[in-house]
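In: sequence-free structure coming up:
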């Protein structure tokens, strides 16, 4: 294989958090354009990674990489540059500011480095399908550290520094890189090597429990999609885990995932485990791993290929994110990592979270998917009142469809059959297949369940996916030996629900971040940004706010606030509305 494009990555300036990247194009066009991606697949928001480029220079070079003469760079737009060449090799040298501790970009300090190539490596337009080499240069301040990446190695030194290869730019940006001192967990699932590396875990992890649980989860996923062959779309798999104080999230890739979690989410050797937090972490692992099939392999046709300079709209994120959210916890209970009781508690929490937002009655999950770029990923103070989560409602759509299929087929088929058919038609263990069209899920339903089910499906889609109706949980559960049991809230929780405002602590005062439609706070004139001072003449603090709400829940409240540095007095009307929370329990 010949390589017409090479990248030299030098994370050598931790003081200023700068990574230097040399791009060599051995056969440039006479007019060659270069472009930095505007977004990273899996995170549907324009991020303009070019804003982190602090310097850029271009040179003609010889075959020994010696600089011959500078070349002028012309900006075409904020992400694109053009050079005019003599069709001789050129080098473009950039420096990138890398201090984003999320899973989406690049980070460098004295202790570690993490990056996605989409944040560092310019695309060579009209040559993005060419294979490329990546040379990772060991920086002096990280000597002794290791490299972890699912990128294909070519010639490596000890600890993973050296040369890697990718068949295209699309493949390159699907393999993040971690450099640091790791705690590791390794295992094989159906013979496929898996590894999880941790940076930032300051205590010794319970690697035995992690290995046991992760082995069970990954085996369950592989067997789910390929119950006979137990093959996977990757030859090996890597979990990058950054352990932090309070952050949480993940980003899927074709044979790896980048995760960030709280320190309390993990099990430590010879210590008590916060089981709900650890289950959250395992659910995150399960979610991102499921994506190796559902979105990295099975894709909406709108993502083929990814257009990294613009928004790629699809109305199917309820399928790719929502259905993945359904299976992430379901696979935990199927793999016996959590109990059925724990699963039902988590599912009940999802239903309550869904019912708590008015946005579910205004926006369909299909529209939420399409508008993810400008609404779900750009949340503001009105988001709960206007937007439905395609993760949350999408997972409940999967649950409802699963139960409906089981009922229709007298328990002979389920949503599992639909997902396996989706994999057989639009997924692949080797060559990529065409993505699913915006209206293509109906064909998968017909193939998996049969034409007789289409009338039921069409009505279901119209009401709950294209429409904004609430899912019929009560009916669905009753048909499957479970009920949704209404449970009374505590007096404090009920008062909080009735008030209907979310707050954070800001400069020792409670600041309103969101006002929920229908609550007494909104009816009394409270707005996002207000600072809460006192309630019926009593000072409000973070520790007594809920107690005060509960104490004064049966009367009008006089609330004093600061709004834009002016003092206001508001009358919050008493609210007698009843609120309940729901719990899934077996029908007696």
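Out: Cool, the structure landed. This structure is a prediction, so every number in the text was calculated from the model and none was measured.

In: so the residue nearest to residue 337 when sequence neighbours are not counted, which of the three states?
Out: The shortest distance from residue 337 to any non-neighbouring residue, by CB to CB, 6 or more residues apart in numbering, is to residue 213 (5.0 Å). Yep, even glycine has a C-beta here, placed from its N, CA and C like the rest. What DSSP: H, G, I helix; E, B strand; the rest coil gives for residue 213 is helix.

In: again with residue 147
Out: At residue 147 the chain is in strand, as set by three-state DSSP.

In: And residue 487, by the same measure?
Out: What three-state DSSP gives for residue 487 is strand.

In: Now for it: which residues touch it?
Out: 580, 581, 582, 583 (CB atoms under 8 Å, 6 or more residues apart in numbering).

In: And it, how far from residue 179?
Out: According to CB to CB, to the nearest Å, residue 487 stands 49 Å off from residue 179.

In: Then residue 108?
Out: Using CB to CB, we find residue 108 at a distance of 9 Å from residue 179.

In: And the one helix or strand residue 497 maps to, what's buried?
Out: Residue 497 is located in helix 491-499, with elements delineated by DSSP states H and E. Buried residues in helix 491-499, defined by neighbour count with 16 or more other CB atoms under 10 Å: 494, 495, 496, 497, 498, 499.

In: give the contact list for the residue nearest to the fourth one when sequence neighbours are not counted.
Out: Spelled out, that is residue 497. Once flanking residues are discounted, residue 497 sits nearest to residue 579: 4.2 Å by CB to CB, 6+ apart. Neighbour list for residue 579: 489, 494, 497, 498 [criterion: CB under 8 Å, 6+ apart].

In: Stretch 509-525: how far from the chain's middle?
Out: Computed by CA atoms, centre = their mean, to the nearest Å, the separation of stretch 509-525 from the middle of its chain amounts to 29 Å.

In: swap in stretch 442-453?
Out: 30 Å.

In: next one: stretch 97-104
Out: 15 Å.

In: for stretch 331-344, same thing?
Out: 22 Å.

In: measure it end to end?
Out: With CA to CA, to the nearest Å applied, stretch 331-344 spans 13 Å between its terminal residues.

In: Please work out the average pLDDT along it.
Out: When pLDDT is averaged over stretch 331-344, the result is 98.

In: Which parts of the stretch 201-350 of the chain are helices?
Out: Counting by DSSP state H, counting those that start in this stretch, the stretch 201-350 of the chain has helices at residues 207-225, 275-290, 317, 323-334, 340-355.

In: Can you lay out those helices as a markdown table showing distance to residue 363 and mean neighbour count?
Out: Compiled in a markdown table, those are given as follows (distance: least, CB to CB, whole Å; neighbours: other CB atoms under 10 Å):
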| stretch | distance to residue 363 | mean neighbour count |
| --- | --- | --- |
| helix 207-225 | 31 | 20 |
| helix 275-290 | 23 | 21 |
| helix 317 | 13 | 25 |
| helix 323-334 | 18 | 23 |
| helix 340-355 | 13 | 16 |
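
In: Which one of these lies nearest to residue 368?
Out: Nearest to residue 368 among those is helix 317 (7.5 Å), distances taken as CB to CB.

In: what domains does the record give for this protein?
Out: 5-180, 183-271, 317-480, 491-572 (automatic domain parsing).

In: Retrieve the pLDDT associated with residue 577.
Out: 83.

In: what about it, which helix or strand?
Out: Using DSSP H and E, residue 577 is not contained in any helix or strand.

In: That one contacts residue 499, doesn't it?
Out: No. Between residue 577 and residue 499 there is no contact under CB atoms under 8 Å: 11.0 Å.

In: quick revisit: list just the nearest of the contacts of residue 579 to residue 46.
Out: Using CB to CB, residue 497 comes nearest to residue 46 of the contacts of residue 579, at 35.7 Å.

In: Please report the distance of the closest one from residue 420.
Out: 41 Å.

In: What pLDDT is listed against residue 179?
Out: 98.

In: Tell me who's in contact with the nearest residue to it once chain neighbours are set aside.
Out: Here the nearest residue to residue 179 in space, its sequence neighbours aside, is residue 113; by CB to CB, 6+ apart that works out to 4.1 Å. Applying CB under 8 Å, 6+ apart, we find residue 113 in contact with 11, 19, 98, 106, 107, 139, 142, 177, 178, 179, 180.

In: Now for the fourth one: which residues touch it?
Out: By CB under 8 Å, 6+ apart, residue 106 lies in contact with 19, 52, 96, 98, 100, 113, 114, 115, 116, 119, 120.

In: ok, now how distant is it from residue 45?
Out: Residue 106 is 16 Å from residue 45, by CB to CB.
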